[in-house]
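Peer 1: heads up, no residue letters with this:
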Ligand SMILES: [Zn+2]
(Lines give C-alpha, C1' and ligand atoms only; values in the text may rest on other atoms or scores of the structure.)
Protein backbone atom coordinates (compact mmCIF):
# COMPACT_ATOMS: atom_id res chain seq x y z
CA UNK A 1 0.00 0.00 0.00
CA UNK A 2 1.31 3.43 -0.91
CA UNK A 3 -0.72 5.56 1.51
CA UNK A 4 -1.39 7.86 -1.45
CA UNK A 5 -5.22 7.80 -1.28
CA UNK A 6 -5.06 9.51 2.15
CA UNK A 7 -2.04 11.70 1.43
CA UNK A 8 -3.43 13.05 -1.84
CA UNK A 9 -6.62 14.24 -0.15
CA UNK A 10 -4.51 17.03 1.36
CA UNK A 11 -4.42 20.44 -0.29
CA UNK A 12 -0.65 20.13 -0.65
CA UNK A 13 1.86 17.30 -0.52
CA UNK A 14 5.42 16.60 -1.66
CA UNK A 15 6.75 13.28 -2.99
CA UNK A 16 10.36 12.15 -3.34
CA UNK A 17 10.53 9.02 -5.49
CA UNK A 18 13.77 7.46 -6.78
CA UNK A 19 13.18 8.85 -10.22
CA UNK A 20 10.98 11.41 -11.97
CA UNK A 21 10.42 11.33 -15.73
CA UNK A 22 10.71 15.01 -16.69
CA UNK A 23 10.53 16.48 -20.22
CA UNK A 24 14.36 16.47 -20.18
CA UNK A 25 14.52 12.76 -19.29
CA UNK A 26 14.63 10.59 -16.17
CA UNK A 27 16.06 12.39 -13.13
CA UNK A 28 16.86 11.17 -9.63
CA UNK A 29 16.98 13.11 -6.37
CA UNK A 30 13.88 15.12 -7.28
CA UNK A 31 10.83 16.30 -5.36
CA UNK A 32 7.39 16.70 -6.92
CA UNK A 33 5.09 18.98 -4.95
CA UNK A 34 1.34 19.09 -5.66
CA UNK A 35 -0.77 21.99 -4.48
CA UNK A 36 -4.48 22.39 -5.18
CA UNK A 37 -4.58 19.78 -7.97
CA UNK A 38 -1.56 21.19 -9.80
CA UNK A 39 2.12 20.39 -9.86
CA UNK A 40 3.61 23.26 -7.89
CA UNK A 41 7.28 22.28 -7.91
CA UNK A 42 9.57 19.79 -9.68
CA UNK A 43 13.26 20.03 -8.89
CA UNK A 44 16.20 18.87 -6.80
CA UNK A 45 15.43 18.00 -3.21
CA UNK A 46 17.97 20.48 -1.82
CA UNK A 47 16.33 23.30 -3.74
CA UNK A 48 12.87 22.32 -2.50
CA UNK A 49 14.06 22.15 1.09
CA UNK A 50 15.61 25.60 0.73
CA UNK A 51 12.46 27.11 -0.80
CA UNK A 52 9.81 25.34 1.27
CA UNK A 53 11.43 24.99 4.66
CA UNK A 54 9.67 22.59 6.99
CA UNK A 55 7.31 21.22 4.33
CA UNK A 56 7.04 17.47 4.93
CA UNK A 57 8.37 15.24 2.13
CA UNK A 58 7.10 11.68 1.61
CA UNK A 59 9.97 9.45 0.52
CA UNK A 60 9.09 6.82 -2.08
CA UNK A 61 12.06 4.47 -2.34
CA UNK A 62 12.24 2.21 -5.42
CA UNK A 63 9.46 4.15 -7.09
CA UNK A 64 9.27 6.27 -10.25
CA UNK A 65 6.82 9.06 -11.05
CA UNK A 66 5.93 9.35 -14.74
CA UNK A 67 3.28 11.45 -16.51
CA UNK A 68 -0.10 9.74 -16.87
CA UNK A 69 -0.69 8.44 -20.39
CA UNK A 70 -3.48 9.84 -22.54
CA UNK A 71 -5.37 7.66 -24.99
CA UNK A 72 -5.68 9.98 -28.01
CA UNK A 73 -8.38 7.87 -29.64
CA UNK A 74 -11.01 5.60 -28.19
CA UNK A 75 -14.67 4.66 -28.44
CA UNK A 76 -16.08 4.22 -24.95
CA UNK A 77 -19.06 2.25 -26.27
CA UNK A 78 -16.91 -0.70 -27.34
CA UNK A 79 -16.16 -2.26 -23.96
CA UNK A 80 -18.22 -5.41 -24.23
CA UNK A 81 -17.25 -7.12 -27.48
CA UNK A 82 -13.49 -6.92 -27.67
CA UNK A 83 -12.44 -10.46 -28.67
CA UNK A 84 -15.25 -10.65 -31.23
CA UNK A 85 -13.01 -8.61 -33.54
CA UNK A 86 -10.29 -11.30 -33.62
CA UNK A 87 -9.54 -12.33 -37.19
CA UNK A 88 -12.12 -9.94 -38.64
CA UNK A 89 -11.35 -8.09 -41.87
CA UNK A 90 -11.01 -4.28 -41.80
CA UNK A 91 -13.99 -1.93 -41.44
CA UNK A 92 -15.33 -3.70 -38.36
CA UNK A 93 -17.06 -0.48 -37.39
CA UNK A 94 -19.66 -1.22 -40.05
CA UNK A 95 -20.36 -4.83 -39.04
CA UNK A 96 -19.69 -4.87 -35.28
CA UNK A 97 -19.30 -1.54 -33.50
CA UNK A 98 -21.96 0.63 -35.15
CA UNK A 99 -24.70 -2.06 -34.80
CA UNK A 100 -23.67 -2.65 -31.19
CA UNK A 101 -23.33 0.96 -30.02
CA UNK A 102 -26.51 2.13 -31.74
CA UNK A 103 -28.53 -0.36 -29.69
CA UNK A 104 -27.43 1.12 -26.30
CA UNK A 105 -29.68 3.04 -23.94
CA UNK A 106 -28.25 5.69 -21.60
CA UNK A 107 -27.70 3.19 -18.76
CA UNK A 108 -25.67 0.92 -21.05
CA UNK A 109 -23.61 3.93 -22.21
CA UNK A 110 -22.84 4.63 -18.53
CA UNK A 111 -21.83 1.05 -17.77
CA UNK A 112 -19.74 0.67 -20.94
CA UNK A 113 -17.86 3.92 -20.27
CA UNK A 114 -17.22 3.09 -16.62
CA UNK A 115 -16.01 -0.37 -17.68
CA UNK A 116 -13.53 1.15 -20.12
CA UNK A 117 -12.40 3.78 -17.61
CA UNK A 118 -11.60 0.98 -15.19
CA UNK A 119 -9.53 -0.79 -17.84
CA UNK A 120 -7.84 2.47 -18.79
CA UNK A 121 -6.80 3.31 -15.23
CA UNK A 122 -5.50 -0.23 -14.69
CA UNK A 123 -3.44 0.32 -17.84
CA UNK A 124 -1.98 3.67 -16.79
CA UNK A 125 -4.19 6.10 -18.72
CA UNK A 126 -5.17 9.21 -16.79
CA UNK A 127 -6.95 10.79 -19.76
CA UNK A 128 -9.17 9.56 -22.59
CA UNK A 129 -10.22 11.18 -25.86
CA UNK A 130 -13.61 9.71 -26.70
CA UNK A 131 -15.16 9.54 -30.15
CA UNK A 132 -18.94 9.27 -30.31
CA UNK A 133 -21.99 11.04 -31.66
CA UNK A 134 -24.24 11.12 -28.59
CA UNK A 135 -27.48 12.85 -27.68
CA UNK A 136 -27.62 14.91 -24.50
CA UNK A 137 -28.97 12.11 -22.32
CA UNK A 138 -26.28 9.62 -23.35
CA UNK A 139 -23.51 12.23 -23.07
CA UNK A 140 -24.72 12.99 -19.53
CA UNK A 141 -24.58 9.26 -18.69
CA UNK A 142 -21.03 9.08 -20.02
CA UNK A 143 -20.01 12.18 -18.03
CA UNK A 144 -21.49 10.63 -14.90
CA UNK A 145 -19.26 7.58 -15.44
CA UNK A 146 -16.19 9.83 -15.75
CA UNK A 147 -17.18 11.63 -12.57
CA UNK A 148 -17.78 8.32 -10.72
CA UNK A 149 -14.25 7.25 -11.61
CA UNK A 150 -12.36 10.59 -11.55
CA UNK A 151 -10.61 10.24 -14.93
CA UNK A 152 -9.85 13.12 -17.32
CA UNK A 153 -12.07 13.04 -20.42
CA UNK A 154 -12.32 14.76 -23.78
CA UNK A 155 -15.97 14.14 -24.55
CA UNK A 156 -17.35 14.23 -28.09
CA UNK A 157 -20.58 14.60 -29.92
CA UNK A 158 -21.34 15.67 -33.46
CA UNK A 159 -23.36 14.54 -36.42
CA UNK A 160 -23.57 12.20 -39.36
CA UNK A 161 -25.52 12.09 -42.62
CA UNK A 162 -24.03 9.29 -44.73
CA UNK A 163 -23.25 10.15 -48.33
CA UNK A 164 -22.03 6.76 -49.55
CA UNK A 165 -25.40 4.99 -49.74
CA UNK A 166 -27.81 4.73 -52.67
CA UNK A 167 -29.55 7.96 -51.56
CA UNK A 168 -27.48 11.15 -51.68
CA UNK A 169 -28.82 13.75 -49.21
CA UNK A 170 -30.61 16.71 -50.76
CA UNK A 171 -29.63 20.31 -49.99
CA UNK A 172 -32.61 20.58 -47.66
CA UNK A 173 -31.68 17.37 -45.77
CA UNK A 174 -28.10 18.60 -45.46
CA UNK A 175 -29.20 21.98 -44.09
CA UNK A 176 -31.43 20.26 -41.51
CA UNK A 177 -28.64 17.87 -40.44
CA UNK A 178 -26.18 20.76 -40.05
CA UNK A 179 -28.70 22.65 -37.96
CA UNK A 180 -29.34 19.65 -35.69
CA UNK A 181 -25.60 18.93 -35.30
CA UNK A 182 -24.82 22.54 -34.40
CA UNK A 183 -27.63 22.64 -31.83
CA UNK A 184 -26.36 19.37 -30.31
CA UNK A 185 -22.82 20.79 -30.34
CA UNK A 186 -23.85 23.98 -28.55
CA UNK A 187 -25.74 22.06 -25.88
CA UNK A 188 -22.80 19.68 -25.44
CA UNK A 189 -20.28 22.50 -24.95
CA UNK A 190 -22.62 24.07 -22.38
CA UNK A 191 -23.08 20.72 -20.59
CA UNK A 192 -19.29 20.27 -20.25
CA UNK A 193 -18.82 23.74 -18.76
CA UNK A 194 -18.14 23.67 -15.04
CA UNK A 195 -16.87 20.07 -15.10
CA UNK A 196 -13.16 20.50 -14.40
CA UNK A 197 -12.09 17.10 -15.74
CA UNK A 198 -14.28 17.11 -18.85
CA UNK A 199 -13.41 19.00 -22.05
CA UNK A 200 -15.89 19.17 -24.95
CA UNK A 201 -15.10 18.14 -28.51
CA UNK A 202 -17.01 17.78 -31.79
CA UNK A 203 -16.76 15.08 -34.42
CA UNK A 204 -17.88 13.62 -37.71
CA UNK A 205 -17.08 9.92 -38.22
CA UNK A 206 -15.33 10.02 -41.62
CA UNK A 207 -15.39 11.36 -45.16
CA UNK A 208 -18.32 9.12 -46.19
CA UNK A 209 -20.32 10.07 -43.08
CA UNK A 210 -21.41 13.58 -44.03
CA UNK A 211 -21.67 16.05 -46.93
CA UNK A 212 -18.64 18.34 -47.21
CA UNK A 213 -20.80 21.34 -46.21
CA UNK A 214 -21.57 19.61 -42.91
CA UNK A 215 -17.92 18.70 -42.28
CA UNK A 216 -17.00 22.35 -42.87
CA UNK A 217 -19.80 23.67 -40.66
CA UNK A 218 -18.88 21.51 -37.68
CA UNK A 219 -15.15 22.09 -38.04
CA UNK A 220 -15.69 25.86 -38.33
CA UNK A 221 -17.95 25.86 -35.29
CA UNK A 222 -15.38 23.90 -33.27
CA UNK A 223 -12.67 26.42 -34.25
CA UNK A 224 -14.94 29.32 -33.33
CA UNK A 225 -15.74 27.83 -29.92
CA UNK A 226 -12.10 26.83 -29.29
CA UNK A 227 -12.83 23.09 -29.04
CA UNK A 228 -11.30 20.05 -30.70
CA UNK A 229 -12.73 18.69 -33.98
CA UNK A 230 -12.16 14.95 -34.53
CA UNK A 231 -12.53 12.86 -37.67
CA UNK A 232 -11.29 9.47 -38.93
CA UNK A 233 -8.90 10.24 -41.77
CA UNK A 234 -7.36 7.97 -44.44
CA UNK A 235 -7.79 4.84 -42.33
CA UNK A 236 -8.92 2.21 -44.85
CA UNK A 237 -8.41 1.49 -48.56
CA UNK A 238 -12.19 1.41 -49.13
CA UNK A 239 -12.61 4.91 -47.75
CA UNK A 240 -9.71 6.40 -49.76
CA UNK A 241 -10.94 4.69 -52.92
CA UNK A 242 -14.49 5.95 -52.38
CA UNK A 243 -13.26 9.48 -51.76
CA UNK A 244 -11.15 9.57 -54.94
CA UNK A 245 -14.03 8.14 -57.00
CA UNK A 246 -16.54 10.59 -55.50
CA UNK A 247 -14.58 13.83 -55.06
CA UNK A 248 -11.47 13.24 -57.19
CA UNK A 249 -9.53 13.79 -53.97
CA UNK A 250 -8.22 11.67 -51.11
CA UNK A 251 -10.01 12.16 -47.74
CA UNK A 252 -7.42 14.47 -46.19
CA UNK A 253 -7.31 16.52 -49.41
CA UNK A 254 -11.10 16.84 -49.21
CA UNK A 255 -10.84 18.01 -45.59
CA UNK A 256 -8.14 20.54 -46.53
CA UNK A 257 -10.34 21.90 -49.32
CA UNK A 258 -13.35 22.18 -47.00
CA UNK A 259 -11.84 23.72 -43.88
CA UNK A 260 -11.45 20.60 -41.73
CA UNK A 261 -7.73 20.96 -41.08
CA UNK A 262 -5.88 23.26 -38.69
CA UNK A 263 -4.66 23.37 -35.10
CA UNK A 264 -8.14 22.58 -33.75
CA UNK A 265 -8.39 19.28 -35.68
CA UNK A 266 -7.43 15.75 -34.65
CA UNK A 267 -7.25 13.25 -37.52
CA UNK A 268 -7.51 9.66 -36.37
CA UNK A 269 -5.26 7.05 -37.95
CA UNK A 270 -3.81 8.69 -41.12
CA UNK A 271 -2.45 5.27 -42.01
CA UNK A 272 -2.75 5.75 -45.78
CA UNK A 273 -1.18 9.17 -46.25
CA UNK A 274 0.93 10.37 -49.15
CA UNK A 275 3.93 12.70 -48.71
CA UNK A 276 1.69 15.49 -49.99
CA UNK A 277 -0.84 14.75 -47.24
CA UNK A 278 1.84 14.64 -44.54
CA UNK A 279 2.75 18.14 -45.75
CA UNK A 280 -0.90 19.21 -45.42
CA UNK A 281 -0.88 18.02 -41.81
CA UNK A 282 2.40 19.79 -41.06
CA UNK A 283 1.60 23.06 -42.83
CA UNK A 284 -1.82 23.40 -41.24
CA UNK A 285 -0.72 22.39 -37.72
CA UNK A 286 -3.30 19.57 -37.69
CA UNK A 287 -2.85 16.73 -35.19
CA UNK A 288 -2.92 12.97 -35.75
CA UNK A 289 -3.65 9.99 -33.52
CA UNK A 290 -1.28 7.09 -34.24
CA UNK A 291 -3.03 3.81 -33.34
CA UNK A 292 -0.45 1.04 -33.81
CA UNK A 293 -2.43 -1.81 -32.32
CA UNK A 294 -5.55 -0.87 -34.29
CA UNK A 295 -3.42 -1.15 -37.43
CA UNK A 296 -2.30 -4.65 -36.46
CA UNK A 297 -5.71 -5.88 -35.38
CA UNK A 298 -8.07 -4.32 -37.86
CA UNK A 299 -6.34 -2.00 -40.26
CA UNK A 300 -4.85 -1.75 -43.69
CA UNK A 301 -1.47 -0.22 -42.88
CA UNK A 302 0.68 1.29 -40.10
CA UNK A 303 0.77 5.10 -40.00
CA UNK A 304 4.20 6.60 -40.79
CA UNK A 305 4.67 7.90 -37.24
CA UNK A 306 8.45 8.16 -37.56
CA UNK A 307 7.81 10.44 -40.55
CA UNK A 308 5.35 12.51 -38.50
CA UNK A 309 7.97 12.88 -35.77
CA UNK A 310 10.78 13.80 -38.18
CA UNK A 311 8.69 16.35 -40.04
CA UNK A 312 7.14 17.98 -37.00
CA UNK A 313 3.57 16.76 -37.47
CA UNK A 314 1.77 16.92 -34.11
CA UNK A 315 0.77 13.44 -33.04
CA UNK A 316 -0.49 11.49 -30.05
CA UNK A 317 -0.95 7.75 -29.58
CA UNK A 318 -4.27 5.96 -29.16
CA UNK A 319 -5.76 2.55 -28.62
CA UNK A 320 -8.88 2.89 -30.79
CA UNK A 321 -10.46 0.63 -28.14
CA UNK A 322 -8.18 -2.32 -28.84
CA UNK A 323 -6.59 -2.79 -25.40
CA UNK A 324 -6.48 -0.18 -22.65
CA UNK A 325 -2.92 -0.83 -21.55
CA UNK A 326 -0.61 2.15 -22.00
CA UNK A 327 2.60 0.19 -21.45
CA UNK A 328 1.76 -2.41 -24.08
CA UNK A 329 0.66 0.45 -26.33
CA UNK A 330 4.13 2.00 -26.03
CA UNK A 331 5.66 -1.30 -27.02
CA UNK A 332 3.25 -1.60 -29.97
CA UNK A 333 4.07 1.95 -31.06
CA UNK A 334 7.76 1.10 -31.27
CA UNK A 335 7.31 -2.40 -32.71
CA UNK A 336 4.89 -1.33 -35.43
CA UNK A 337 7.37 1.32 -36.65
CA UNK A 338 10.26 -1.13 -36.42
CA UNK A 339 8.47 -3.80 -38.49
CA UNK A 340 6.93 -1.44 -41.05
CA UNK A 341 9.82 1.01 -41.51
CA UNK A 342 12.88 0.58 -39.31
CA UNK A 343 13.81 -2.91 -40.49
CA UNK A 344 13.69 -1.85 -44.14
CA UNK A 345 16.15 0.98 -43.47
CA UNK A 346 18.37 -0.56 -40.78
CA UNK A 347 17.04 2.12 -38.42
CA UNK A 348 17.86 0.34 -35.17
CA UNK A 349 16.93 3.36 -33.05
CA UNK A 350 13.34 3.67 -34.34
CA UNK A 351 12.40 6.66 -32.26
CA UNK A 352 14.80 5.84 -29.40
CA UNK A 353 12.02 4.96 -26.94
CA UNK A 354 11.41 8.56 -25.87
CA UNK A 355 9.51 9.37 -29.11
CA UNK A 356 6.77 6.92 -28.10
CA UNK A 357 6.68 8.01 -24.45
CA UNK A 358 6.50 11.64 -25.51
CA UNK A 359 3.82 10.78 -28.09
CA UNK A 360 1.60 9.00 -25.56
CA UNK A 361 1.93 11.73 -22.89
CA UNK A 362 2.71 15.29 -24.04
CA UNK A 363 1.89 14.49 -27.69
CA UNK A 364 -1.52 13.00 -26.90
CA UNK A 365 -2.32 15.92 -24.58
CA UNK A 366 -1.39 18.39 -27.31
CA UNK A 367 -3.37 16.50 -29.97
CA UNK A 368 -6.36 16.42 -27.62
CA UNK A 369 -6.30 20.17 -27.07
CA UNK A 370 -4.93 19.74 -23.54
CA UNK A 371 -1.43 21.17 -24.11
CA UNK A 372 -0.29 22.92 -20.95
CA UNK A 373 -3.00 21.17 -18.93
CA UNK A 374 -1.58 17.66 -18.66
CA UNK A 375 0.97 15.28 -20.21
CA UNK A 376 4.17 16.39 -18.46
CA UNK A 377 5.61 16.51 -14.96
CA UNK A 378 6.24 20.25 -14.92
CA UNK A 379 5.14 23.01 -12.56
CA UNK A 380 1.81 24.52 -13.52
CA UNK A 381 0.25 21.43 -15.10
CA UNK A 382 -2.56 19.46 -13.48
CA UNK A 383 -1.14 16.64 -11.37
CA UNK A 384 -1.85 13.57 -13.55
CA UNK A 385 0.80 10.92 -12.93
CA UNK A 386 1.62 7.28 -12.24
CA UNK A 387 3.72 5.77 -9.48
CA UNK A 388 5.70 2.77 -10.78
CA UNK A 389 7.37 0.01 -8.77
CA UNK A 390 11.02 -0.31 -9.87
CA UNK A 391 11.91 -3.39 -7.82
CA UNK A 392 10.87 -6.14 -10.21
CA UNK A 393 13.49 -8.35 -11.91
CA UNK A 394 12.41 -7.22 -15.40
CA UNK A 395 13.61 -3.67 -14.73
CA UNK A 396 16.48 -4.27 -12.33
CA UNK A 397 19.23 -3.20 -12.61
CA UNK A 398 18.09 -0.10 -14.45
CA UNK A 399 20.27 1.16 -17.31
CA UNK A 400 17.98 3.30 -19.41
CA UNK A 401 14.59 4.13 -17.95
CA UNK A 402 12.92 5.18 -21.21
CA UNK A 403 13.75 1.91 -23.00
CA UNK A 404 12.68 0.00 -19.90
CA UNK A 405 9.35 1.86 -19.87
CA UNK A 406 8.68 1.11 -23.55
CA UNK A 407 9.79 -2.51 -23.52
CA UNK A 408 9.88 -3.98 -20.02
CA UNK A 409 7.45 -2.34 -17.61
CA UNK A 410 4.12 -4.03 -17.12
CA UNK A 411 0.68 -3.05 -15.84
CA UNK A 412 1.26 -4.88 -12.54
CA UNK A 413 4.05 -2.40 -11.74
CA UNK A 414 1.64 0.54 -11.63
CA UNK A 415 1.32 1.15 -7.88
CA UNK A 416 -0.92 4.18 -8.09
CA UNK A 417 -2.74 6.41 -10.57
CA UNK A 418 -3.18 10.08 -9.68
CA UNK A 419 -5.53 12.38 -11.61
CA UNK A 420 -5.86 16.07 -10.83
CA UNK A 421 -3.76 15.57 -7.72
CA UNK A 422 -5.91 12.78 -6.27
CA UNK A 423 -5.04 9.08 -6.11
CA UNK A 424 -7.94 7.28 -7.83
CA UNK A 425 -6.38 3.84 -8.21
CA UNK A 426 -4.01 1.93 -6.00
CA UNK A 427 -2.68 -1.55 -6.79
CA UNK A 428 -5.07 -1.95 -9.78
CA UNK A 429 -8.13 -1.25 -7.63
CA UNK A 430 -10.11 1.97 -7.83
CA UNK A 431 -10.27 4.13 -4.73
CA UNK A 432 -13.74 4.62 -3.28
CA UNK A 433 -15.74 2.05 -5.27
CA UNK A 434 -15.83 -1.68 -5.66
CA UNK A 435 -14.80 -2.69 -9.19
CA UNK A 436 -15.37 -6.42 -8.58
CA UNK A 437 -18.95 -5.78 -7.57
CA UNK A 438 -19.40 -3.43 -10.54
CA UNK A 439 -18.20 -6.07 -13.02
CA UNK A 440 -20.18 -8.85 -11.38
CA UNK A 441 -23.42 -6.93 -11.34
CA UNK A 442 -23.04 -5.74 -14.96
CA UNK A 443 -21.64 -8.84 -16.68
CA UNK A 444 -25.07 -9.99 -17.86
CA UNK A 445 -25.90 -6.54 -19.22
CA UNK A 446 -22.63 -6.64 -21.20
CA UNK A 447 -23.39 -10.10 -22.61
CA UNK A 448 -26.96 -9.13 -23.46
CA UNK A 449 -25.87 -5.93 -25.21
CA UNK A 450 -23.61 -7.92 -27.53
CA UNK A 451 -26.07 -10.79 -28.07
CA UNK A 452 -28.95 -8.46 -28.93
CA UNK A 453 -27.01 -6.32 -31.43
CA UNK A 454 -27.25 -7.19 -35.17
CA UNK A 455 -23.53 -7.91 -35.41
CA UNK A 456 -22.12 -9.52 -38.55
CA UNK A 457 -19.10 -11.69 -37.79
CA UNK A 458 -17.18 -12.88 -40.86
CA UNK A 459 -14.38 -14.84 -39.24
CA UNK A 460 -15.86 -16.70 -36.29
CA UNK A 461 -14.17 -18.15 -33.22
CA UNK A 462 -10.48 -19.00 -33.23
CA UNK A 463 -11.06 -22.71 -32.52
CA UNK A 464 -13.13 -23.04 -35.72
CA UNK A 465 -9.97 -22.30 -37.68
CA UNK A 466 -7.79 -24.91 -35.99
CA UNK A 467 -8.22 -27.65 -38.57
CA UNK A 468 -8.65 -25.63 -41.73
ZN1 LIG B 1 -12.00 5.11 -34.27
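Peer 2: That came through fine. Because the structure is predicted, anything quoted here is derived from the model rather than measured. Numbering: from 1, shown residues only.
Peer 1: list phi and psi for the residue nearest the centre of the chain.
Peer 2: The chain has residue 71 as the residue nearest its centroid, 1.8 Å off, counting by C-alpha atoms, centre = their mean. Dihedral pair for residue 71: phi -80, psi 110, per degrees, to the nearest 10.
Peer 1: contacts only, for it.
Peer 2: With contacts defined as C-beta atoms under 8 Å, 6 or more residues apart in numbering, the neighbours of residue 71 are 120, 125, 127, 128, 129, 318, 319, 324, 326, 329, 364. In this view, the C-beta of every residue, glycine as well, is placed from N, C-alpha and C.
Peer 1: give the pairing partners of the strand or helix carrying the fifth one; include direction for each.
Peer 2: With elements delineated by DSSP states H and E, residue 129 resides in strand 125-130, which encompasses its position. Strand 125-130 pairs in its sheet with strand 69-74 (parallel), strand 152-158 (parallel), by DSSP bridges.
Peer 1: switch those over to TSV; also include mean pLDDT and distance to residue 24.
Peer 2: Formatted as TSV, the strands paired with strand 125-130 follow (pLDDT from 0 to 100; distance: least, C-beta to C-beta, whole Å):
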stretch	mean pLDDT	distance to residue 24
strand 69-74	98	19
strand 152-158	98	24
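Peer 1: residue 281: which of the ones you listed is closest?
Peer 2: When the strands paired with strand 125-130 are compared by C-beta to C-beta, strand 69-74 sits nearest residue 281, at 14.4 Å.
Peer 1: chain center to the closest one: distance?
Peer 2: Put simply, strand 69-74 sits 1 Å off its chain's centre (C-alpha atoms, centre = their mean, to the nearest Å).
Peer 1: and the next helix or strand after it, what does it pack against?
Peer 2: Counting by DSSP H and E, the next helix or strand C-terminal to strand 69-74 is helix 92. Applying 3 or more C-beta pairs under 8 Å, 6 or more residues apart in numbering; DSSP states H and E, one finds that helix 92 contacts no other helix or strand.
Peer 1: which one is residue 63 nearest to, not counting chain neighbours?
Peer 2: residue 17 (4.2 Å; C-beta to C-beta, 6 or more residues apart in numbering).
Peer 1: my error: substitute residue 360 in the last question.
Peer 2: Closest to residue 360 by C-beta to C-beta, 6+ apart is residue 317, at 4.2 Å.
Peer 1: correct me if wrong: the one you found contacts residue 291.
Peer 2: Yes: under the criterion of C-beta atoms under 8 Å, residue 317 makes contact with residue 291 at 7.4 Å.
Peer 1: which one's more surrounded, these two?
Peer 2: More crowded of residue 317 and residue 291, by other C-beta atoms under 10 Å: residue 291, with 34 against 31.
Peer 1: pull up the per-residue confidence for the more buried one.
Peer 2: pLDDT recorded at residue 291 is 98.
Peer 1: and for residue 1?
Peer 2: pLDDT recorded at residue 1 is 69.
Peer 1: now do the buried residues in stretch 279-292.
Peer 2: Using 16 or more other C-beta atoms under 10 Å as the test for burial, stretch 279-292 gives 280, 281, 284, 286, 287, 288, 289, 290, 291, 292.
Peer 1: please tabulate these in CSV, including the columns distance to residue 230.
Peer 2: Below are those laid out as CSV (distance: C-beta to C-beta, whole Å):
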residue, distance to residue 230
280, 17
281, 14
284, 15
286, 11
287, 10
288, 11
289, 9
290, 14
291, 13
292, 19
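Peer 1: between those, which is closest to residue 153?
Peer 2: For these, the nearest to residue 153 is residue 289 (15.6 Å; C-beta to C-beta).
Peer 1: doesn't the closest one lie inside a strand?
Peer 2: Yes: according to DSSP: H, G, I helix; E, B strand; the rest coil, residue 289 belongs to a strand.
Peer 1: does residue 398 really touch residue 409, like I thought?
Peer 2: No: applying C-beta under 8 Å, one finds residue 398 not in contact with residue 409, separated by 10.7 Å.
Peer 1: any chance you could list what contacts stretch 203-211?
Peer 2: Residues outside stretch 203-211 that contact it (C-beta under 8 Å, 6+ apart): 131-133, 156-164, 169, 174, 177, 214-215, 218, 229-233, 235, 239, 242-243, 251, 254-255.
Peer 1: repeat for stretch 269-280
Peer 2: The contact list for stretch 269-280 (C-beta under 8 Å, 6+ apart) reads 73, 232-237, 240, 250, 252-253, 256, 261, 281, 286, 288-291, 294-295, 299-304, 307-308, 311, 313, 320.
Peer 1: before we move on, the earlier item: got the contact list for the residue nearest to residue 63?
Peer 2: Counting by C-beta under 8 Å, 6+ apart, residue 17 has contacts 30, 32, 60, 63, 64, 65, 387.
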